[in-house]
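# only the shape, not the letters, is given here:
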């Protein structure tokens with residue numbers, strides 16, 4: 001297979017080249033067998049995923065906490081062998097499933113809440129489905145960590161030398177990454193909007209809080225001339241007496257009605273924002289050992305950490321329902337945005353090493369009851385596998401599944417079925 005058949009040739013330079021040269025024809029065919037895409041689309045998606053993942057890692061390494069986390073991923077993952085034998089990623093079976101789960105977990109750490117958007121970007125520019133992009137990125141991630149691990153072990157300066165290499169090649173990596181990734185992740189300088197601001201540009205700035213600080217206030221001459229329209233309300237008296245009076249009254253009445261409607265519209269908008277802010281408020285929890293988690297107030301991890309840290313709370317067993325743990329339909333594959341939930345859960349369980357839990361899977365009544373039963377167990381085991389791979393002792397986690405037998409809402413509506421498709425965590429020992 002020659003690269004001339006594909007939209008992308010080999011990418012030159014440093015780490016990018018070191019990773020993409022591993023995408024041999026055999027590796028591309030192996031990846032194709034995992035995702036079910038065409039060979040050319042798989043090739044293109046791999047060459048899109050590699051600089052995307054590496055760009056995220058380079059950005060992660062730009063802060064001290066991120067650099068420490070990245071170094072831990074490299075050292076604890078044990079992925080060095082993948083750089084020597086990348087085909088082992090695509091052999092199938094338990095090995096590939098483990099690497100998929102581990103890769104998804106790492107993606108959540110690298111891209112956080114932007115994971116889903118990054119996956120969509122790779123899917124679009126790689127020419128594959130979002131599901132295929134998720135799998136390819138999840139497998140490219142441990143491969144990239146393996147390449148970085150080999151670099152780190154071969155350099156006399158170790159992790160510091162690797163981080164310097166990432167920093168030195170950051171611009172080159174960002175250039176090789178898909179168009180739009182830097183803007184999505186907030187990397188590099190942002191263009192300051194011109195002082196000649198159109199209506200569309202102003203609306204875009206207002207709707208995007210991350211750009212507010214870059215908004216350049218237009219000069220007085222460029223601001224909307226609301227005040228300058230005031231003379232319309234007091235026009236010059238036209239010739240012919242008082243014929244202008246009805247027009248003036250209509251204008252005043254219209255302005256009064258507009259002001260009334262706008263004041264009514266603002267009230268629910270403000271109230272809605274207040275509710276959203278309360279529901280999505282982020283709390284920083286300091287765990288034993290000093291690790292700090294940022295989690296939404298009222299989420300399962302927020303409530304679980306508070307419960308385990310409260311010595312007066314002895315009411316075990318105690319059950320918590322996951323609020324942001326979702327799977328791809330009919331499978332045990334976590335959606336990208338669910339990775340942070342599991343990552344945070346593992347940190348909490350490691351912070352309270354005497355605690356023991358049980359993971360319980362449930363489904364709605366769609367499909368075959370026997371298949372639903374098996375799926376509910378498999379999903380609970382999939383979460384356990386990720387937690388164990390992240391350092392939580394396997395004997396601390398029990399699993400079970402009840403399929404569709406224990407609904408908490410009616411299966412006659414989509415909302416009810418969504419509530420019944422759930423995973424629960426029960427603390428059996430503190």
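Received, thanks. Fair warning: this is a prediction, and the values are worked out from it, not measured in the lab.
# right, and the helix or strand after the helix or strand residue 255 falls within?
Counting by DSSP states H and E, the secondary-structure element that holds residue 255 is helix 245-279. Per DSSP H and E, helix 245-279 leads on to strand 282-286 as the next helix or strand towards the C-terminus.
# please, where are all the helices along the stretch 251-400 of the chain?
With helices called from DSSP state H, counting those that start in this stretch, the stretch 251-400 of the chain shows them at 300-309, 339-351, 369-389.
# can you put the ones you listed in CSV and add distance to residue 57, mean pLDDT and mean neighbour count?
C-beta coordinates here come from the backbone N, C-alpha and C atoms, glycine included. What follows is these, written out as CSV (distance: least, C-beta to C-beta, whole Å; pLDDT from 0 to 100; neighbours: other C-beta atoms under 10 Å):
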stretch, distance to residue 57, mean pLDDT, mean neighbour count
helix 300-309, 25, 95, 20
helix 339-351, 15, 93, 22
helix 369-389, 19, 91, 19
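# present those helices as CSV; the columns should include distance to residue 15.
Listed next are these as CSV, based on distance: least, C-beta to C-beta, whole Å:
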stretch, distance to residue 15
helix 300-309, 34
helix 339-351, 24
helix 369-389, 25
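# ok, which of these comes nearest residue 58?
Among those, helix 339-351 comes nearest to residue 58, with 19.7 Å by C-beta to C-beta.
# which strands or helices does that closest one pack on?
Helix 339-351 is packed against helix 93-111, strand 292-296, helix 300-309, helix 369-389, with contacts defined by 3 or more C-beta pairs under 8 Å, 6 or more residues apart in numbering; DSSP states H and E.
# residue 64 is nearest to which of those?
Go through these one by one with C-beta to C-beta and the one that ends up closest to residue 64 is strand 292-296, at 13.5 Å.
# partner strands of the closest one, parallel or antiparallel?
Based on DSSP bridges, the strands next to strand 292-296 in the sheet, each with its direction, are strand 282-286 (antiparallel).
# and the angle from the strand it pairs with to helix 339-351?
Computed with axes from the mean of the first three to the mean of the last three C-alpha atoms, to 10 degrees, the direction of strand 282-286 lies at 20 degrees from that of helix 339-351.
# what about strand 282-286, distance to the chain center?
Its chain's average C-alpha position is 19 Å from that of strand 282-286, according to C-alpha atoms, centre = their mean, to the nearest Å.
# residues in contact with it?
Contacts to strand 282-286, defined as C-beta atoms under 8 Å, 6 or more residues apart in numbering, come from residues 292-297, 302, 305-306.
# ok, now stretch 101-114?
Taking C-beta under 8 Å, 6+ apart as the criterion, the residues outside stretch 101-114 that touch it are 53, 56-57, 60, 69, 73, 77, 115, 118, 134, 137-142, 145, 184-185, 333-334, 336-340, 342-343, 382, 385-386, 389-390.
# which of the residues in it are buried?
Along stretch 101-114, these residues count as buried under the neighbour rule (16 or more other C-beta atoms under 10 Å): 101-112, 114.
# for it, give the mean pLDDT please.
For stretch 101-114, the per-residue pLDDT values average out at 86.
# please state the offset of it from the chain centre?
Its chain's C-alpha centre and that of stretch 101-114 lie 7 Å apart, by C-alpha atoms, centre = their mean.
# what's the answer for stretch 420-430, then?
When distances are taken as C-alpha atoms, centre = their mean, stretch 420-430 is centred 24 Å away from the chain's centroid.
# contacting residues around that stretch?
Contacts with stretch 420-430, where a contact means C-beta under 8 Å, 6+ apart, come from 300, 304, 307-308, 313-314, 316-322, 325, 345, 352, 354-365, 379-380, 383, 398, 404, 407-409, 411.
# shaky segments in the chain?
By pLDDT under 70, the weakly predicted segments of the chain are 1-13, 94, 155-158, 186-246, 257-280.
# for burial, what's the neighbour tally of the closest residue to residue 307 other than its chain neighbours?
Closest residue to residue 307 in three dimensions, ignoring its sequence neighbours and counting by C-beta to C-beta, 6 or more residues apart in numbering: residue 313, at 5.4 Å. Around residue 313 sit 13 other residues, with neighbours defined as other C-beta atoms under 10 Å.
# I figured residue 313 hits residue 304, correct?
No: under the contact definition of C-beta atoms under 8 Å, residue 313 does not touch residue 304, with a separation of 11.0 Å.
# tilt between the helix or strand where residue 58 lies and helix 93-111?
Here residue 58 sits within helix 39-60, counting by DSSP H and E. Taking the same axes, to 10 degrees, helix 39-60 and helix 93-111 form an angle of 50 degrees between their directions.
# ok, and what's touching the following helix or strand past helix 39-60?
Scanning the chain past helix 39-60 towards its C-terminal end, the next helix or strand to appear is helix 64-77 (assignment: DSSP H and E). By C-beta under 8 Å, 6+ apart, the list of residues contacting helix 64-77 from outside reads 57, 59-61, 102, 106, 109, 142, 145-146, 148-149, 152, 159, 162-163, 391.
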